[in-house]
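Q: Predicted coordinates and the sequence they were generated for:
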Amino acid sequence: DAKTTQPPSMDCAEGRAANLPCNHSTISGNEYVYWYRQIHSQGPQYIIHGLKNNETNEMASLIITEDRKSSTLILPHATLRDTAVYYCIVRVAGNTPLVFGKGTRLSVIA
Amino acid sequence: DTEVTQTPKHLVMGMTNKKSLKCEQHMGHRAMYWYKQKAKKPPELMFVYSYEKLSINESVPSRFSPECPNSSLLNLHLHALQPEDSALYLCASSQENRGSNYGYTFGSGTRLTVV
C-alpha cells in the first residue's frame, strides 16, 4: 500500500516557486519524509529530508505540517533543469530501504 | 569521490546470453542496492546488500543473480532473460547505520534491452 499520495503532474513557470504537495496521513512517529527527484534518463537524486521541523538546503525547502500528515517541497526559483519526476517517500531512517511511489511529474515552462 | 558508477550504460543481449552489470562506489558506503525501472514507472527495489551480505531479495527471479565481491563493488549477473526484463537497472549506495539519515546515491543506470 502506498504510504504517500502526490498529484501525478504539475506545471510551473520558470523563475517562479514550485510547490509540490505530498500527503502521508498514516506516517508513524519515527518515520522521516524524504524527497528525491529523477531527471529523464538519470538516476534519482536526493533532495532533502525531515522529521517534523521545516528544513532548507541549497536545493529546496521542506515544510511539514504540525500534525505531520502532509508536507510541501518548495523549489524557490524553478528553472528548466528542474523538470523531473519528484518522489515523496516516508521511511524509518537507516532501517528500511527506499521504496518509491508514483511521484509528481513537474514540468517547468519557459 | 561522491559518485556511483555503473557499467555498461547500454546493453543489448539475447535470451540465451549471460551478461553482468557492474556498480562501483568509493564513498565508504556499506549498503548497496539494485533497482529495476520500467518506462514511465517508479524504480522497484530488487536486492539490498548490507556489509557485503544479501539482506533483502524482493522475490526476484533466479535469472537475476546479485553478487557483492567487496564493499565497493556490486554486480548483477544476468542469464536467460526475457524481453519483459528490458528496463533501466539502477544501482545505489548509502551509509548503513541504524538511525542514519543519509540519503541514497544513485548511479545513472544501465539500460538493458533483451532481444
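A: It's in.

Q: Regarding residue A:77, what is its secondary structure?
A: coil (DSSP: H, G, I helix; E, B strand; the rest coil).

Q: Also residue B:6?
A: strand.

Q: residues contacting it?
A: Residue B:6 makes contact with B:21-24, B:89-91, B:107-110, according to C-beta atoms under 8 Å, 6 or more residues apart in numbering or on different chains. C-beta: built from backbone N, CA, C; applies to glycine.

Q: For chain A, just list every one of the strands.
A: A:9-13, A:18-23, A:31-38, A:45-50, A:55-56, A:61-64, A:70-75, A:84-92, A:104-109 (DSSP state E).

Q: at contact distance from chain B, anything in the first one?
A: Spelled out, it's strand A:9-13. No: residues of strand A:9-13 are not located near chain B by C-beta under 8 Å from any C-beta of the partner chain, the shortest gap being 11.9 Å.

Q: Relative to that strand, what are the paired strands and their orientations?
A: When sheet partners are counted by DSSP bridges, strand A:9-13 sits next to strand A:104-109 (parallel).

Q: same check, this time on the fifth one
A: Sheet pairing for strand A:55-56, assigned by DSSP bridges, gives strand A:61-64 (antiparallel).

Q: got a list of contacts for the partner strand?
A: Counting by C-beta under 8 Å, 6+ apart, A:33, A:35, A:48-56, A:70-74, A:76 sit against strand A:61-64.

Q: Keeping just the C-alphas, turn that strand into PDB.
A: Below are the C-alpha coordinates for strand A:61-64, written out as PDB (Å, rounded to 0.1, in the frame of the first residue of the first chain):
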ATOM      1  CA  SER A  61      12.800  23.800   1.400                       C
ATOM      2  CA  LEU A  62      10.700  21.200   3.100                       C
ATOM      3  CA  ILE A  63       7.600  22.300   5.000                       C
ATOM      4  CA  ILE A  64       6.000  19.700   7.200                       C
END
